[in-house]
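K.L.:
structure, please.
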Amino acid sequence: MSSVATAPKKGFDFKAFLANNGALVGLVILCLALFIATPRFLTGPNLLNIGIQVSTIAVMAFGMTFVIVAAGIDLSVGSVAALSAMGSSYAITTAGLPDGLSIPIGLAVGALCGWVTGAMSAYGKLPTFIASLAMLTVVRGLTLVISDGRPISTSSSVSWLGDDLGPIPMPIVILVVSGLLAAFVLNRTVIGKNAFAVGGNTEAARLSGIPVKRVLVTVFVISGVFAALSGMILAGRLDSAQPTLASGYELDAIAAVVIGGASLSGGVGRISGTLIGALVLAVIRNGLNLLSVSAFWQQVVIGAVIAIAVGFDVLRRKNVKH
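P.N.:
Presented below is the predicted three-dimensional model:
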(Lines give C-alpha, C1' and ligand atoms only; values in the text may rest on other atoms or scores of the structure.)
Protein backbone atom coordinates (compact mmCIF):
# COMPACT_ATOMS: atom_id res chain seq x y z
CA MET A 1 0.00 0.00 0.00
CA SER A 2 1.22 3.43 -0.83
CA SER A 3 0.56 6.38 1.35
CA VAL A 4 0.04 9.86 -0.03
CA ALA A 5 1.86 12.55 1.87
CA THR A 6 -0.20 15.60 2.62
CA ALA A 7 1.19 18.98 3.48
CA PRO A 8 0.48 20.04 7.02
CA LYS A 9 -2.17 22.70 7.34
CA LYS A 10 -0.85 26.07 8.31
CA GLY A 11 -2.52 27.70 11.30
CA PHE A 12 -3.00 31.37 11.95
CA ASP A 13 0.35 33.14 11.61
CA PHE A 14 0.13 35.77 14.35
CA LYS A 15 3.64 37.04 13.63
CA ALA A 16 2.82 37.71 9.97
CA PHE A 17 -0.51 39.29 10.92
CA LEU A 18 1.21 41.60 13.40
CA ALA A 19 3.87 42.53 10.83
CA ASN A 20 1.20 43.50 8.28
CA ASN A 21 -1.32 45.05 10.67
CA GLY A 22 0.73 46.27 13.61
CA ALA A 23 -0.58 49.83 13.34
CA LEU A 24 -4.21 48.66 13.34
CA VAL A 25 -3.64 46.46 16.40
CA GLY A 26 -1.89 49.35 18.12
CA LEU A 27 -4.79 51.70 17.29
CA VAL A 28 -7.36 49.29 18.74
CA ILE A 29 -5.34 48.81 21.93
CA LEU A 30 -4.86 52.57 22.21
CA CYS A 31 -8.58 53.25 21.84
CA LEU A 32 -9.46 50.63 24.46
CA ALA A 33 -6.92 52.06 26.88
CA LEU A 34 -8.25 55.60 26.44
CA PHE A 35 -11.85 54.40 26.79
CA ILE A 36 -10.92 52.87 30.14
CA ALA A 37 -8.93 55.93 31.20
CA THR A 38 -11.58 58.53 30.30
CA PRO A 39 -15.26 57.99 29.43
CA ARG A 40 -15.22 61.18 27.31
CA PHE A 41 -13.10 59.50 24.64
CA LEU A 42 -15.79 57.45 22.88
CA THR A 43 -18.43 60.17 22.82
CA GLY A 44 -19.86 61.32 19.49
CA PRO A 45 -18.55 64.90 19.62
CA ASN A 46 -15.06 63.73 20.53
CA LEU A 47 -14.95 61.18 17.72
CA LEU A 48 -16.03 63.86 15.25
CA ASN A 49 -13.31 66.08 16.67
CA ILE A 50 -10.73 63.35 16.04
CA GLY A 51 -12.03 62.98 12.48
CA ILE A 52 -11.61 66.69 11.83
CA GLN A 53 -8.16 66.74 13.40
CA VAL A 54 -6.94 63.76 11.40
CA SER A 55 -8.30 65.01 8.07
CA THR A 56 -5.57 67.55 7.29
CA ILE A 57 -2.67 65.28 8.27
CA ALA A 58 -4.14 62.21 6.57
CA VAL A 59 -4.85 64.01 3.27
CA MET A 60 -1.31 65.38 3.27
CA ALA A 61 0.05 61.94 4.16
CA PHE A 62 -1.82 60.30 1.26
CA GLY A 63 0.35 62.29 -1.13
CA MET A 64 3.44 61.60 0.94
CA THR A 65 2.75 57.86 0.57
CA PHE A 66 3.39 58.04 -3.18
CA VAL A 67 6.77 59.73 -2.62
CA ILE A 68 7.89 57.30 0.08
CA VAL A 69 6.75 54.28 -1.96
CA ALA A 70 9.03 55.59 -4.74
CA ALA A 71 11.92 55.73 -2.21
CA GLY A 72 11.78 59.51 -1.83
CA ILE A 73 10.94 61.99 0.91
CA ASP A 74 9.08 65.30 0.71
CA LEU A 75 9.87 67.79 3.47
CA SER A 76 8.12 70.67 1.70
CA VAL A 77 4.47 69.58 2.09
CA GLY A 78 3.74 71.80 5.10
CA SER A 79 5.07 74.88 3.32
CA VAL A 80 3.32 73.89 0.08
CA ALA A 81 0.04 73.63 2.01
CA ALA A 82 0.55 77.16 3.33
CA LEU A 83 1.48 78.67 -0.05
CA SER A 84 -1.44 76.95 -1.80
CA ALA A 85 -3.95 78.23 0.76
CA MET A 86 -2.37 81.69 0.68
CA GLY A 87 -2.24 81.77 -3.14
CA SER A 88 -5.87 80.72 -3.53
CA SER A 89 -7.01 83.30 -0.96
CA TYR A 90 -4.85 86.10 -2.40
CA ALA A 91 -6.08 85.45 -5.94
CA ILE A 92 -9.71 85.91 -4.92
CA THR A 93 -9.81 88.39 -2.04
CA THR A 94 -6.92 90.62 -3.18
CA ALA A 95 -6.45 90.13 -6.92
CA GLY A 96 -10.21 89.96 -7.55
CA LEU A 97 -10.38 86.75 -9.58
CA PRO A 98 -13.68 84.79 -9.66
CA ASP A 99 -14.41 82.78 -6.51
CA GLY A 100 -14.85 79.58 -8.50
CA LEU A 101 -11.14 79.62 -9.38
CA SER A 102 -10.04 79.56 -5.75
CA ILE A 103 -9.69 75.79 -5.27
CA PRO A 104 -8.24 75.11 -8.78
CA ILE A 105 -5.64 77.84 -8.20
CA GLY A 106 -4.66 76.32 -4.86
CA LEU A 107 -4.32 72.84 -6.38
CA ALA A 108 -2.31 74.24 -9.30
CA VAL A 109 0.09 75.96 -6.90
CA GLY A 110 0.62 72.66 -5.08
CA ALA A 111 1.16 70.78 -8.35
CA LEU A 112 3.69 73.38 -9.54
CA CYS A 113 5.64 73.20 -6.28
CA GLY A 114 5.68 69.40 -6.51
CA TRP A 115 6.84 69.54 -10.12
CA VAL A 116 9.75 71.84 -9.22
CA THR A 117 10.84 69.59 -6.34
CA GLY A 118 10.56 66.46 -8.48
CA ALA A 119 12.45 68.08 -11.38
CA MET A 120 15.27 69.17 -9.08
CA SER A 121 15.59 65.61 -7.84
CA ALA A 122 15.03 63.71 -11.08
CA TYR A 123 16.86 65.97 -13.55
CA GLY A 124 19.04 68.04 -11.22
CA LYS A 125 20.29 64.87 -9.47
CA LEU A 126 19.64 66.34 -6.03
CA PRO A 127 18.67 63.86 -3.29
CA THR A 128 14.95 64.17 -2.55
CA PHE A 129 15.79 65.16 1.02
CA ILE A 130 17.85 68.17 -0.14
CA ALA A 131 15.49 69.18 -2.97
CA SER A 132 12.43 69.17 -0.72
CA LEU A 133 14.30 70.86 2.13
CA ALA A 134 15.23 73.68 -0.24
CA MET A 135 11.60 73.95 -1.39
CA LEU A 136 10.43 74.02 2.23
CA THR A 137 12.42 77.21 2.83
CA VAL A 138 11.69 78.86 -0.54
CA VAL A 139 7.96 78.17 -0.43
CA ARG A 140 7.55 79.32 3.18
CA GLY A 141 9.40 82.49 2.26
CA LEU A 142 7.11 83.11 -0.72
CA THR A 143 4.11 82.64 1.58
CA LEU A 144 5.43 85.35 3.88
CA VAL A 145 6.18 87.66 0.93
CA ILE A 146 2.69 87.29 -0.57
CA SER A 147 0.94 87.82 2.74
CA ASP A 148 3.39 90.38 4.14
CA GLY A 149 3.33 88.24 7.25
CA ARG A 150 -0.42 88.75 7.82
CA PRO A 151 -3.43 86.43 7.48
CA ILE A 152 -5.62 86.75 4.39
CA SER A 153 -9.33 85.94 4.45
CA THR A 154 -10.31 82.86 2.48
CA SER A 155 -12.80 82.79 -0.38
CA SER A 156 -16.24 81.30 0.19
CA SER A 157 -15.20 78.18 -1.79
CA VAL A 158 -12.27 77.47 0.52
CA SER A 159 -14.31 78.34 3.63
CA TRP A 160 -16.84 75.72 2.49
CA LEU A 161 -14.12 73.05 2.83
CA GLY A 162 -14.15 73.66 6.59
CA ASP A 163 -17.95 73.68 6.98
CA ASP A 164 -20.40 70.83 7.60
CA LEU A 165 -22.20 68.70 5.04
CA GLY A 166 -25.35 67.98 7.00
CA PRO A 167 -24.33 66.29 10.26
CA ILE A 168 -20.87 65.36 8.93
CA PRO A 169 -17.98 67.84 8.87
CA MET A 170 -16.78 68.52 5.34
CA PRO A 171 -13.11 67.72 6.19
CA ILE A 172 -14.16 64.14 7.02
CA VAL A 173 -16.01 63.83 3.69
CA ILE A 174 -12.94 65.10 1.83
CA LEU A 175 -10.77 62.67 3.83
CA VAL A 176 -12.84 59.67 2.73
CA VAL A 177 -13.10 60.72 -0.93
CA SER A 178 -9.41 61.62 -1.25
CA GLY A 179 -8.40 58.39 0.50
CA LEU A 180 -10.42 56.27 -1.93
CA LEU A 181 -8.99 58.20 -4.88
CA ALA A 182 -5.41 57.85 -3.61
CA ALA A 183 -5.87 54.11 -2.98
CA PHE A 184 -7.24 53.62 -6.49
CA VAL A 185 -4.35 55.50 -8.11
CA LEU A 186 -1.71 53.73 -6.02
CA ASN A 187 -3.08 50.21 -6.42
CA ARG A 188 -4.94 50.19 -9.73
CA THR A 189 -3.12 52.49 -12.13
CA VAL A 190 0.18 52.54 -13.98
CA ILE A 191 1.28 55.51 -11.85
CA GLY A 192 1.09 53.45 -8.68
CA LYS A 193 2.63 50.33 -10.20
CA ASN A 194 5.55 52.34 -11.54
CA ALA A 195 6.04 54.02 -8.14
CA PHE A 196 6.28 50.61 -6.46
CA ALA A 197 8.69 49.40 -9.14
CA VAL A 198 10.97 52.45 -8.82
CA GLY A 199 10.94 52.27 -5.04
CA GLY A 200 11.58 48.54 -4.97
CA ASN A 201 14.55 48.57 -7.35
CA THR A 202 15.32 51.71 -9.31
CA GLU A 203 17.87 50.13 -11.63
CA ALA A 204 15.64 47.15 -12.45
CA ALA A 205 12.78 49.56 -13.16
CA ARG A 206 14.98 51.57 -15.52
CA LEU A 207 16.15 48.44 -17.35
CA SER A 208 12.56 47.27 -17.76
CA GLY A 209 11.69 50.48 -19.59
CA ILE A 210 9.96 52.43 -16.82
CA PRO A 211 10.64 56.21 -17.14
CA VAL A 212 12.14 56.60 -13.68
CA LYS A 213 12.62 60.37 -13.87
CA ARG A 214 9.06 60.95 -15.01
CA VAL A 215 7.75 58.70 -12.23
CA LEU A 216 9.72 60.67 -9.63
CA VAL A 217 8.34 63.99 -10.89
CA THR A 218 4.80 62.56 -10.98
CA VAL A 219 4.81 61.35 -7.37
CA PHE A 220 6.02 64.76 -6.19
CA VAL A 221 3.26 66.47 -8.19
CA ILE A 222 0.72 64.16 -6.52
CA SER A 223 2.23 64.98 -3.14
CA GLY A 224 1.97 68.70 -3.91
CA VAL A 225 -1.70 68.42 -4.92
CA PHE A 226 -2.66 66.56 -1.75
CA ALA A 227 -0.65 69.03 0.34
CA ALA A 228 -2.52 71.89 -1.33
CA LEU A 229 -5.87 70.26 -0.58
CA SER A 230 -4.82 69.74 3.03
CA GLY A 231 -3.79 73.39 3.33
CA MET A 232 -7.09 74.63 1.96
CA ILE A 233 -9.03 72.38 4.35
CA LEU A 234 -7.07 73.87 7.23
CA ALA A 235 -7.57 77.42 5.93
CA GLY A 236 -11.29 76.71 5.53
CA ARG A 237 -11.51 75.66 9.16
CA LEU A 238 -9.73 78.86 10.25
CA ASP A 239 -11.54 81.12 7.72
CA SER A 240 -8.16 82.60 6.86
CA ALA A 241 -4.87 81.65 5.23
CA GLN A 242 -2.14 82.06 7.83
CA PRO A 243 1.52 82.55 6.79
CA THR A 244 2.54 79.94 9.38
CA LEU A 245 -0.18 77.50 8.31
CA ALA A 246 0.73 73.79 8.55
CA SER A 247 4.15 74.53 10.02
CA GLY A 248 5.74 71.22 11.02
CA TYR A 249 2.98 69.15 9.41
CA GLU A 250 5.51 67.48 7.11
CA LEU A 251 6.89 65.54 10.08
CA ASP A 252 3.43 64.28 11.07
CA ALA A 253 2.72 63.29 7.46
CA ILE A 254 5.94 61.27 7.25
CA ALA A 255 5.24 59.73 10.65
CA ALA A 256 1.73 58.69 9.58
CA VAL A 257 3.07 56.94 6.48
CA VAL A 258 5.80 55.13 8.41
CA ILE A 259 3.52 54.14 11.31
CA GLY A 260 1.10 52.81 8.69
CA GLY A 261 3.68 50.28 7.53
CA ALA A 262 5.45 51.99 4.63
CA SER A 263 9.18 51.48 4.28
CA LEU A 264 11.47 54.50 4.09
CA SER A 265 13.63 52.49 1.70
CA GLY A 266 10.74 52.41 -0.80
CA GLY A 267 8.62 49.77 -2.50
CA VAL A 268 6.18 49.25 0.39
CA GLY A 269 3.16 51.29 1.42
CA ARG A 270 -0.63 51.36 1.64
CA ILE A 271 -3.11 54.23 1.75
CA SER A 272 -5.17 52.35 4.34
CA GLY A 273 -2.05 51.98 6.48
CA THR A 274 -1.33 55.70 6.13
CA LEU A 275 -4.85 56.52 7.33
CA ILE A 276 -4.39 54.24 10.34
CA GLY A 277 -1.03 55.89 11.06
CA ALA A 278 -2.65 59.33 10.98
CA LEU A 279 -5.42 58.08 13.27
CA VAL A 280 -2.83 56.77 15.74
CA LEU A 281 -1.22 60.22 15.94
CA ALA A 282 -4.60 61.99 16.25
CA VAL A 283 -5.89 59.58 18.90
CA ILE A 284 -2.71 59.90 20.95
CA ARG A 285 -2.93 63.71 20.91
CA ASN A 286 -6.65 63.70 21.62
CA GLY A 287 -6.33 61.19 24.45
CA LEU A 288 -3.45 63.04 26.08
CA ASN A 289 -5.44 66.28 25.87
CA LEU A 290 -8.42 64.59 27.57
CA LEU A 291 -6.06 63.36 30.28
CA SER A 292 -4.67 66.90 30.67
CA VAL A 293 -1.14 65.83 29.76
CA SER A 294 1.25 68.70 29.00
CA ALA A 295 1.80 69.54 25.33
CA PHE A 296 5.54 69.18 25.97
CA TRP A 297 5.12 65.57 27.07
CA GLN A 298 2.86 64.96 24.07
CA GLN A 299 5.81 65.71 21.80
CA VAL A 300 7.90 63.19 23.73
CA VAL A 301 5.23 60.50 23.30
CA ILE A 302 4.79 61.20 19.57
CA GLY A 303 8.56 61.04 19.06
CA ALA A 304 8.73 57.70 20.87
CA VAL A 305 5.92 56.29 18.69
CA ILE A 306 7.75 57.37 15.52
CA ALA A 307 11.00 55.80 16.74
CA ILE A 308 9.21 52.52 17.50
CA ALA A 309 7.52 52.52 14.08
CA VAL A 310 10.84 53.07 12.28
CA GLY A 311 12.41 50.35 14.42
CA PHE A 312 9.70 47.90 13.33
CA ASP A 313 10.39 48.88 9.71
CA VAL A 314 14.09 48.08 10.13
CA LEU A 315 13.32 44.69 11.73
CA ARG A 316 10.79 43.87 9.01
CA ARG A 317 13.35 44.57 6.26
CA LYS A 318 15.92 42.40 8.04
CA ASN A 319 13.43 39.52 8.26
CA VAL A 320 12.62 39.87 4.56
CA LYS A 321 16.32 39.67 3.66
CA HIS A 322 16.75 36.53 5.74
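K.L.:
packing partners for the helix or strand harbouring residue 193?
P.N.:
In this structure, residue 193 sits in helix 190-200 according to DSSP states H and E. Applying 3 or more CB pairs under 8 Å, 6 or more residues apart in numbering; DSSP states H and E, one finds that helix 190-200 contacts helix 44-69, helix 170-188, helix 202-207, helix 212-238. In short, each C-beta sits where N, CA and C put it, glycine included.
K.L.:
list the buried ones in the third one?
P.N.:
Of the residues in helix 202-207, those scored as buried under the neighbour-count criterion (16 or more other CB atoms under 10 Å) are 202, 205.
K.L.:
got a list of contacts for that helix?
P.N.:
Helix 202-207 is contacted from outside by 71, 194, 197, 198, 212, 215, using CB atoms under 8 Å, 6 or more residues apart in numbering.
K.L.:
one more pass at 10 Å, please.
P.N.:
Residues outside helix 202-207 that contact it (CB atoms under 10 Å, 6 or more residues apart in numbering) are 70-71, 194-199, 201, 210-213, 215-216, 266-267.
K.L.:
can you select the buried ones from those in PyMOL?
P.N.:
Buried residues among the contacts of helix 202-207 (16+ other CB under 10 Å), as a PyMOL selection:
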select buried, resi 70+71+194+195+196+197+198+199+210+212+215+216+266+267
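K.L.:
ok, residue 256 - contacts?
P.N.:
Residues near residue 256 by CB under 10 Å, 6+ apart: 23, 54, 57-58, 60-62, 64-65, 262, 273-282, 306, 309.
K.L.:
er, residue 137 actually
P.N.:
Contacts of residue 137 (CB under 10 Å, 6+ apart): 75, 76, 79.
K.L.:
quick one, phi/psi of it?
P.N.:
The phi and psi values for residue 137, taken as degrees, to the nearest 10, are phi -70, psi -50.
K.L.:
so how far is residue 114 from it?
P.N.:
16 Å (CB to CB, to the nearest Å).
K.L.:
what do you get for residue 221?
P.N.:
Distance, residue 221 to residue 114, using CB to CB: 4 Å.
K.L.:
intersection of neighbour lists for those two?
P.N.:
63, 66.
K.L.:
tell me which of the two has more neighbours.
P.N.:
Per other CB atoms under 10 Å, whichever of residue 221 and residue 114 has more neighbours is residue 114, with 31 against 22.
K.L.:
how about that one, nearest residue that isn't a chain neighbour?
P.N.:
residue 224 (2.5 Å; CB to CB, 6 or more residues apart in numbering).
K.L.:
what is the neighbour count of that neighbour?
P.N.:
Residues within reach of residue 224, counting by other CB under 10 Å, total 33.
K.L.:
assess the claim that it and residue 78 are in contact.
P.N.:
No: the pair residue 224 / residue 78 is not scored as a contact, 11.8 Å apart, by CB atoms under 10 Å.
K.L.:
quick check: neighbours shared by the two?
P.N.:
With CB under 10 Å, 6+ apart, residue 224 and residue 78 have common neighbours residue 139.
K.L.:
what sits up against stretch 30-38?
P.N.:
Outside stretch 30-38, the residues touching it (CB under 10 Å, 6+ apart) are 40-42, 46-47, 50, 279-280, 283-284, 286-288, 290-292, 305.
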